[in-house]
Each structure stands twice: as C-alpha cells, then as structure tokens.
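Visitor: fold the following, please.
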Amino acid sequence: MIILMISPAIAEQEISQDIQPQTETVETVPQQSVGENITYKQPISKRKIAKKFLAAMGGVAISSIALFLILSLYNKVRESLGIQQQDAPKDYETSLETPENLEDAVRVFLEKTKWDK
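Guide: The predicted structure is shown next:
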C-alpha cells in the first residue's frame with residue numbers, strides 16, 4: 001500500500017492522428033518591483049497565545065467537571081432504582097500473590113478457570 005502511495009501515477013493523454021499546433025497566445029504577467037504589495041504574516045503576541053491556551057484548558061476543565069457530575073448523578077439514579085451490583089469476587093479470584101509451590105499453583109488455576117465445575 002505504501003509503495004502505491006509513494007509511486008507517481010502515470011496518466012497520459014490519448015494521442016490522436018490529427019494534431020494541430022496551438023494558436024492561443026500566452027499573456028505575460030508584469031513583474032512586481034520589490035516591496036510593492038507584499039504582505040507578511042505578523043507574529044502573534046505571547047499574550048494571545050497564552051489566552052488561547054488558557055481557553056483550551058478551561059474547556060478541558062469544564063468538560064471534566066461536567067462528566068464527573070453527570071456520572072455521579074447517573075450512579076445515584078442507578079442506586080435509587082435498585083439495580084443490584086454483582087456479588088463481590090471471592091478471595092482467590094482477586095489474589096495477586098504468586099503461589100509458593102506447584103500444588104497451590106494448580107489449585108488456583110483450577111479455581112480461576114472453574115475447571116472442576
């Protein structure tokens with residue numbers, strides 16, 4: 001895909017038998033003298049950059065607070081409707097300790113994968 005994107009596309013015009021020379025004239029544009037009507041982009045002040053940055057960070061802060069409040073309200077409504085949360089997982093399912101011997105490792109594996117049920 002990359003090779004296709006990099007390689008130039010070849011497009012040729014169909015050659016017809018009755019080719020005639022162009023008779024159109026080309027107009028030349030007069031050269032402008034140096035300094036006439038040349039405009040340059042003016043530098044942006046640091047104050048403007050700081051204002052734009054602070055406005056963007058303010059938007060991030062406002063959206064974060066709004067998300068927090070909306071999700072808090074959602075959780076309260078969900079609790080008030082009586083939607084039951086799942087039972088807490090058993091101790092062996094949440095253990096992050098490495099088994100000390102092979103027998104414990106096999107037992108934890110069988111319990112976590114529910115192999116014996």
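Visitor: residue 66 and residue 109, how far apart?
Guide: Plainly put, residue 66 is 45 Å away from residue 109 if you go by CB to CB, to the nearest Å. Glycine gets a C-beta too; all of them are placed from N, C-alpha and C.
Visitor: and for residue 52?
Guide: Applying CB to CB to residue 52 and residue 109 gives a distance of 56 Å.
Visitor: equivalent analysis for residue 69, please.
Guide: Counting by CB to CB, the gap from residue 69 to residue 109 is 43 Å.
Visitor: kindly list the longest helix within the protein.
Guide: helix 46-80 (DSSP state H).
Visitor: name the helices or strands packed onto that helix?
Guide: For helix 46-80, not one helix or strand is in contact under the criterion 3 or more CB pairs under 8 Å, 6 or more residues apart in numbering; DSSP states H and E.
Visitor: residue 99: how many residues sit nearby?
Guide: By other CB atoms under 10 Å, 13 other residues sit near residue 99.
Visitor: oh, that last question was meant for residue 108, not what I typed.
Guide: For residue 108, using other CB under 10 Å, the count is 16.
Visitor: now it: how far from residue 100?
Guide: As judged by CB to CB, residue 108 and residue 100 stand 11 Å apart.
Visitor: can you pull out the low-pLDDT segments for the chain?
Guide: Scanning the chain for pLDDT under 70 picks out the ranges 1-5, 7-36, 83-95, 115-117.
Visitor: cutoff 90 now
Guide: 1-44, 75, 77-100, 104-117 (pLDDT under 90).
Visitor: how far away is residue 106 from residue 100?
Guide: Taken as CB to CB, the span from residue 106 to residue 100 is 12 Å.
Visitor: quick one, which of these two is more surrounded?
Guide: The neighbour count for residue 106 versus residue 100, taken as other CB under 10 Å, is higher for residue 106 (12 against 8).
Visitor: how about the more buried one, phi and psi?
Guide: When read as degrees, to the nearest 10, the backbone of residue 106 gives phi -70, psi -40.
Visitor: over to residue 41?
Guide: Backbone torsions of residue 41, given as degrees, to the nearest 10, read phi -70, psi 130.
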